[in-house]
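Chemist: give me the fold of what follows.
(chains A and B, ligands or ions: 1)
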Amino acid sequence: MEVRKPRIKSMKYEDFNDNEYIESMIRELRENGTNVVVGCLDEVIEQGRSNSLWPLTFATSCCGIEFMAVGAARYDFARFGFEVARASPRQADFIMVAGTITHKMAPVLKRLYDQMADPKYVIATGGCAISGGPFRKSYHVVDGVDKILPVDVYIPGCPPRPEAMLYGLMQLQRKVKVQRFFGGVNRQIGKEEYEELLRRDLTSEKNELNVEGESNHEQ
Amino acid sequence: MNNNLQAKITAWEPAAVWSDKGDGMFTVPAERFRDLAVRLRGEGFDFLRSLTGMDWGEEGFGVVYHLESTATGENVVLRTLTPERENPVLPSVCDLWKTAELNEREAFDFFGIRFLNHPDMRRLFLRDDWVGYPLRKDYDPSLNPLRMSNEVAKDSTASFELMPDGSVIRKRSVLFEEEEYVINIGPQHPATHGVLRFRVSLEGEIIRKLDAHCGYIHRGIEKMCEELTYPQTLALTDRLDYLGAAQNRHALCMCIEKGLGVEVPERVQYIRTIMDELQRIDSHLLFFSCLCMDMGALTAFFYGFRDREKVLDILEQTTGGRLIQTYNTIGGVQADIHPDFVRKTKEFIAYMRPKLREYHEVFTGNIIAQERLKGTGVLTREDAVSFGATGGTGRASGWACDVRKRHPYAAYDKVQFDEVLFTEGDCFARYMVRMREIEQSLHIIEQLIDNIPEGACQVKMKPVIRIPEGSYYAAVEGSRGEFGVFLESRGDKYPYRMKFRSTGLPLVACLETIARGTKIADLIAIGGTLDYVVPDIDR
Ligand code: SF4
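Modeler: A predicted model of the protein is given here:
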């Protein structure tokens, strides 16, 4: 079956060097065929979504400075639709994990991710976010955010050059473009799990480990 | 250290034993240490440069103190230790030097050393439910798998006091009362410049108390260094304070070279100096951009970044890296400067000067900026010294703390430049110091760029580097203060202990003093002008 190539405005299809991957992804997604009406609607929606992805302002270390450079005067990712970085996870489409994630930060990052609205995406930027990078052997570093979040795009480098970041961001655009908004593939969790989450009262979950009893204080 | 001082200290405290290894230091028994510390403080040693927790194995746990007198410039290194391995206890000095407060918490966090009479013995970097003490030599990492449970912030803390019968009791003290209005800022907050977290107690808009939480980017670099050979350790320093990458690595190289007794060629000294200054300009431009952005002047942010790219271009052409250059090596630099380096740098100097005037037009003179910066967040000179808040922050409070002047290194003794000093100690002074320092940096580069001597850019080193037994300390003026490296070697190819004197930790320590009584909105301006880089605080 011939797949329709996902073309994005920012970069020519032929210039990407991993087109086999995206094509196989499309094949997988389209295995069950497409509903004609919803399929057309999908295309319109994906066009809009892929050209207006808003990142969450999130940076823990060095890679974050390069991420700022991508947003600033010379590289200016607003040209490609990553218009504004949002400070609130509720308003962001994707999170760019730029920097080392430590044990203490991991639950916070997970919480930020949980606060984002579906559909949401994760980009792992730099060696640290991908695998722990230079700090892989440390006692306090998570060796890869994919251990705690589902990652959509990896951008290697230490730090990746701004050009590499732009390339990674465009990969995300392509990925968004081939997904079907009505097909449910964007959702990172299944329907049952989603309903289960809705039922559960998250606020009532107490973390016993951290609550030190009063009795421990005086000796 | 001069013999005079050495004799004086021996007279004050006969139990102090002098050892010559490395830089040389006094070993003071724990029960006598407090008295000597009080004495030294009284004699004018008002600046605690660095406080390092240590695990000496059989000998026990201890602490190394680097002291300096700001009046005379004299330095002294002391250490004290306790053979107790189960429950090590040492006297606290945080009432003498305020910087010790966070540093002792760090030593408690890393080694489990409890400091008597320290008001707040909590962990500094790690989670409260962390098991064991990671920098102890017998630490077992499998005890601490990744915990995904959320941390609950505690409102109380503990302190330890010595009873007359020799036992130690634990006391509980309250950080925030039940009825206090406490809000949380960070760790994910655009104005904290990374992942720093504050808990602030408010009365209306006024800050009553501030409690800083660090460790969200604690990467355990010091422990990692103990398993790396010396050339390998270099790679990690660039990632500490990534806006002082060149300077950090310079400090570590200097420390290792000092241990080895290697003289680096003149050419290398010049190149390193120029690189350090370019890095400083880069950092200060980022400071300007971020401060403006935090205060709502987004246009200025773009101006700053536009010009910062020019510096990065120069750095990249020679070193291959924009942000992290990994350029200095032990005994030299990675590669010789690019043929275009001199020309480009000169072009940049010519380009930058008028741009600075533009900055002042866009931002400095702006009435809103002036109103928000002037008179807010005052840090006195005395506090700056006590907290060890070096760099632009210290100089804005009138403390001449520039390492380039205090302990000249590389080519700084060959150039003429002014140490920018202000006396107000407010946000505006901290801002102006950095803007003036850009001019001074340009001036320094100008004097060196045409006179880079010919010669090799790397001394031939042995394939395996071993540093003679002893401990060494070397410091440079980083982009935001004194960046020091303390290294203890046992003659192996790995360091026994490596400690980085963070430039940012003292800045966080003094934040509570500065911010108390100001409005919550001013915290943004204060944090912005203190200009800390969080991975450098957490290491
Ligand atoms: S990948 Fe490299 S540059 Fe990025 S955060 Fe990690 S150490 Fe820093």
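Chemist: what kind of secondary structure is the one residue sitting closest to the centre of chain A in?
Modeler: In chain A, the residue lying closest to the centroid (CA atoms, centre = their mean) is residue A:122, at 1.1 Å. Look at residue A:122: counting by DSSP: H, G, I helix; E, B strand; the rest coil, its state is strand.
Chemist: state the distance from it to residue A:116.
Modeler: Distance of residue A:122 to residue A:116, given as CB to CB, to the nearest Å: 9 Å. Any C-beta I mention is one placed from the backbone N, CA and C, and that applies to glycine too.
Chemist: quick check: neighbours shared by the two?
Modeler: residue A:95 (CB atoms under 8 Å, 6 or more residues apart in numbering or on different chains).
Chemist: so where's the chain uncertain?
Modeler: Let's take chain A. Residues of chain A that meet the criterion pLDDT under 70 lie in A:1-4, A:30-39, A:180-191, A:194, A:197-219.
Chemist: hmm, I had chain B in mind actually
Modeler: Using pLDDT under 70, chain B drops low at B:1-2.
Chemist: in it, what residue lies closest to the ligand?
Modeler: For chain B, the residue closest to the ligand is residue B:239, as judged by CB to the nearest ligand atom, at 4.3 Å.
Chemist: that residue: what secondary structure?
Modeler: coil.
Chemist: so who does it touch?
Modeler: With CB under 8 Å, 6+ apart, residue B:239 has these contacts: A:61, A:62, A:134, B:219, B:221, B:245, B:324, B:535.
Chemist: quick check: the farthest pair among those residues?
Modeler: B:219 and B:245 (15.2 Å; CB to CB).
Chemist: could I get the contacts of residue B:239 as a markdown table with neighbour count?
Modeler: Compiled in a markdown table, the contacts of residue B:239 are given as follows (neighbours: other CB atoms under 10 Å in any protein chain shown):
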| residue | neighbour count |
| --- | --- |
| A:61 | 28 |
| A:62 | 27 |
| A:134 | 21 |
| B:219 | 29 |
| B:221 | 24 |
| B:245 | 30 |
| B:324 | 24 |
| B:535 | 27 |
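Chemist: which among these are in contact with the ligand?
Modeler: Restricting the contacts of residue B:239 to those touching the ligand (CB under 6 Å from any ligand atom) yields A:61, A:62, A:134, B:324.
Chemist: tell me which of the residues you listed fall in strands.
Modeler: Filtering these for membership in strands, criterion DSSP state E, returns an empty set.
Chemist: for those, which one is nearest the ligand?
Modeler: residue A:62 (3.1 Å).
Chemist: which residue sits closest to that closest one, ignoring its sequence neighbours?
Modeler: What sits nearest to residue A:62 in space, not counting adjacent residues and going by CB to CB, 6 or more residues apart in numbering or on different chains, is residue B:242, at 4.0 Å.
Chemist: got the contact list for the one you found?
Modeler: A:61, A:62, A:65, B:323, B:324, B:533, B:535.
Chemist: neighbours of the fourth one, how many?
Modeler: The reference is to residue B:323. A count of neighbours around residue B:323, defined by other CB atoms under 10 Å in any protein chain shown, yields 21.
Chemist: would you map the strands across chain A?
Modeler: A:55-56, A:94-98, A:121-125, A:153-155.
Chemist: the residue of chain B closest to the ligand and residue B:64, how far apart?
Modeler: 24 Å.
Chemist: can the longest helix belonging to chain A be found next to the ligand?
Modeler: When chain A is parsed with DSSP state H, its longest helix is helix A:162-178. No: under the criterion of CB under 6 Å from any ligand atom, the ligand is not reached by helix A:162-178; the shortest gap measures 11.0 Å.
Chemist: which other helices and strands does that helix contact?
Modeler: Counting contacts by 3 or more CB pairs under 8 Å, 6 or more residues apart in numbering or on different chains; DSSP states H and E, helix A:162-178 is packed against helix A:19-29, helix A:36-50, helix A:62-71, strand A:121-125, strand A:153-155.
Chemist: what residues does it touch?
Modeler: For helix A:162-178, contacts defined as CB under 8 Å, 6+ apart pick out A:6, A:8, A:10-11, A:16, A:18, A:22, A:25-26, A:29, A:46-47, A:49-51, A:53, A:66-67, A:69-70, A:74-75, A:77, A:80-82, A:94, A:121, A:123, A:125, A:152-157, A:160.
Chemist: now it - C-alpha only, CSV.
Modeler: Extracted C-alpha coordinates of helix A:162-178, given in CSV (Å, rounded to 0.1, in the frame of the first residue of the first chain):
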residue,chain,number,x,y,z
PRO,A,162,19.9,24.5,18.1
GLU,A,163,19.7,23.1,14.6
ALA,A,164,19.4,19.6,16.0
MET,A,165,16.6,20.8,18.3
LEU,A,166,14.8,22.3,15.4
TYR,A,167,15.1,19.1,13.5
GLY,A,168,13.7,17.2,16.5
LEU,A,169,10.9,19.6,16.8
MET,A,170,10.0,19.1,13.1
GLN,A,171,10.1,15.3,13.6
LEU,A,172,7.4,15.9,16.3
GLN,A,173,5.4,17.9,13.8
ARG,A,174,5.5,15.0,11.4
LYS,A,175,4.5,12.6,14.0
VAL,A,176,1.6,14.7,15.0
LYS,A,177,0.6,15.1,11.4
VAL,A,178,0.2,11.3,10.8
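Chemist: got the buried residues for that helix?
Modeler: A:162, A:164-178 (16 or more other CB atoms under 10 Å in any protein chain shown).
Chemist: same check on stretch B:149-169?
Modeler: Those would be B:151, B:157, B:158, B:159, B:160, for stretch B:149-169 by 16+ other CB under 10 Å.
Chemist: okay if I get those residues as a markdown table plus secondary structure and distance to chain A?
Modeler: Listed next are those as a markdown table, based on DSSP: H, G, I helix; E, B strand; the rest coil; distance: CB to the nearest CB, whole Å:
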| residue | secondary structure | distance to chain A |
| --- | --- | --- |
| B:151 | coil | 6 |
| B:157 | strand | 9 |
| B:158 | strand | 6 |
| B:159 | strand | 11 |
| B:160 | strand | 10 |
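Chemist: I'd like these as a markdown table, with distance to the ligand appended.
Modeler: A markdown table is the format used below for these (distance: CB to the nearest ligand atom, whole Å):
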| residue | distance to the ligand |
| --- | --- |
| B:151 | 23 |
| B:157 | 32 |
| B:158 | 34 |
| B:159 | 36 |
| B:160 | 37 |
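Chemist: now render those residues as JSON lines, adding distance to residue B:334.
Modeler: Putting those into JSON lines (distance: CB to CB, whole Å) gives the following:
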{"residue": "B:151", "distance to residue B:334": "41"}
{"residue": "B:157", "distance to residue B:334": "46"}
{"residue": "B:158", "distance to residue B:334": "48"}
{"residue": "B:159", "distance to residue B:334": "48"}
{"residue": "B:160", "distance to residue B:334": "48"}
